[in-house]
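K.L.:
coords please:
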Amino acid sequence: MAAIPKSRVRNPMDKLELREVDRKRYEEWAANSESNDLYRSFVRVGSTMSLGRKHRFWCDKQQRIVELMSDGELRAYKYLIWQPNVVSIKEQYALNPVTTFNIAKRRKVMHPYSYKQRVHHIMSTDFLVTSVNEDGVCVQHAYPYKISEPSRPSRTAQKLDIEAEFWALRNVPSTLLTDNQISKEWFLTLLFCELHYDNQLQFSHLSDFSHKLLGLYQQNPWLSLRDLLKKAAASMKTHYFDAERLFKNAVLQGLLPLSQQKRVRLNEALLLG
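P.N.:
Numbers count the residues shown, from 1 in each chain. All right, here's what the predicted structure looks like:
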């Protein structure tokens, strides 16, 4: 096959070119996101051939299926969803390709593009988080995730800058989340606690339990968590497993000031932050 003359080669920075299937997928996703239906991730676990482990699981807090593209995204998701003030998270949130293309063009950088297929890719934000602020108002915050802070200048940094400007145009702050902010120990603690997540437990009940447990801890700081919960159960005249369930939900609600640098284990003493 003869080479295409240079004069006929399309400059990918001149015009947005999307595959028709991608354009329709974005339009359907956008329509769904604006409806009252359960949120669905734009990037699905079965739709990408990228290497690495992917995760598709039921989230008890959001009461829906969540789809994540890596172990790192899983750690970031657990870190965010169990922040006490977080209401919901929309993962793999697609960004309007017309807007991101115009941002890239204005910044004079290349929009994500496939030279092989000669089409642009639709960008997405890893996590769009809705939380309740101190005034009781729901606010949004975008969180792209990377293993570490990218070097500058770099292609990764360019993409993050496009993403940040996209959200700035919507008055939504954007913060890069890296593994430096998410300890493995805290991730494992959250996995341990969410096994007994119960959204029917009253906040006041959990608050009372936390106050009692901290009082017992101050008297017996070297007791293992299991023995501490036994004392709490005895003082409350309830079963041990009820005390353990209350403890785990109090952790998820942010009612116990635990250190995020030490994994919670039943056979070890607690470490407060």
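K.L.:
just how off-centre is stretch 239-252 within its chain?
P.N.:
The gap between where stretch 239-252 is centred and where its chain is centred comes out at 25 Å by Cα atoms, centre = their mean, to the nearest Å.
K.L.:
which of the residues in it are buried?
P.N.:
Neighbour counts over stretch 239-252 (16 or more other Cβ atoms under 10 Å) mark 243-252 as buried. Just so you know, the C-beta spots here come from the backbone N, C-alpha and C atoms, and that holds for glycine as well.
K.L.:
These in strands, which ones?
P.N.:
Secondary structure from DSSP state E places none of those in strands.
K.L.:
Among the residues you listed, which one sits closest to His121?
P.N.:
Leu252 (36.1 Å; Cβ to Cβ).
K.L.:
which residues sit in contact with the closest one?
P.N.:
The contact partners of Leu252, by Cβ atoms under 8 Å, 6 or more residues apart in numbering, come to 82, 190, 193-194, 197.
K.L.:
quick one: average confidence on stretch 79-87?
P.N.:
In this model, stretch 79-87 has an average pLDDT of 96.
K.L.:
should've said stretch 123-136
P.N.:
pLDDT averaged over stretch 123-136 equals 96, rounded to a whole number.
K.L.:
what do you get for stretch 211-223?
P.N.:
For stretch 211-223, the per-residue pLDDT averages 96.
K.L.:
quick one: Lys248 from Leu255, how far?
P.N.:
Taken as Cβ to Cβ, to the nearest Å, the spacing of Lys248 relative to Leu255 amounts to 11 Å.
K.L.:
To clarify, my last question referred to Gly72.
P.N.:
Here the distance between Gly72 and Leu255 works out to 28 Å (Cβ to Cβ).
K.L.:
And for Leu229?
P.N.:
Look at Leu229 and Leu255: by Cβ to Cβ, they are 15 Å apart.
K.L.:
burial count for Met13?
P.N.:
By the criterion of other Cβ atoms under 10 Å, Met13 has 14 neighbours.
K.L.:
low-confidence ranges in the chain?
P.N.:
1-9, 47-51 (pLDDT under 70).
K.L.:
Can you pull the domain assignment for it?
P.N.:
The record, using automatic domain parsing to delimit domains, assigns the chain the ranges 7-181, 184-252.
K.L.:
any chance of the contacts of Leu252 in a markdown table, plus secondary structure and neighbour count?
P.N.:
Below are those laid out as a markdown table (DSSP: H, G, I helix; E, B strand; the rest coil; neighbours: other Cβ atoms under 10 Å):
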| residue | secondary structure | neighbour count |
| --- | --- | --- |
| Trp82 | coil | 20 |
| Leu190 | helix | 21 |
| Cys193 | helix | 22 |
| Glu194 | helix | 18 |
| Tyr197 | coil | 17 |
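K.L.:
now, the most widely separated pair of the residues you listed?
P.N.:
When those are compared pair by pair using Cβ to Cβ, the maximum separation belongs to Leu190 and Tyr197, at 10.0 Å.
K.L.:
What ranges does the stretch 1-150 of the chain have for its helices?
P.N.:
With DSSP state H, counting those that start in this stretch applied, the stretch 1-150 of the chain shows helices at 20-34, 71-81, 97-107, listed in chain order.
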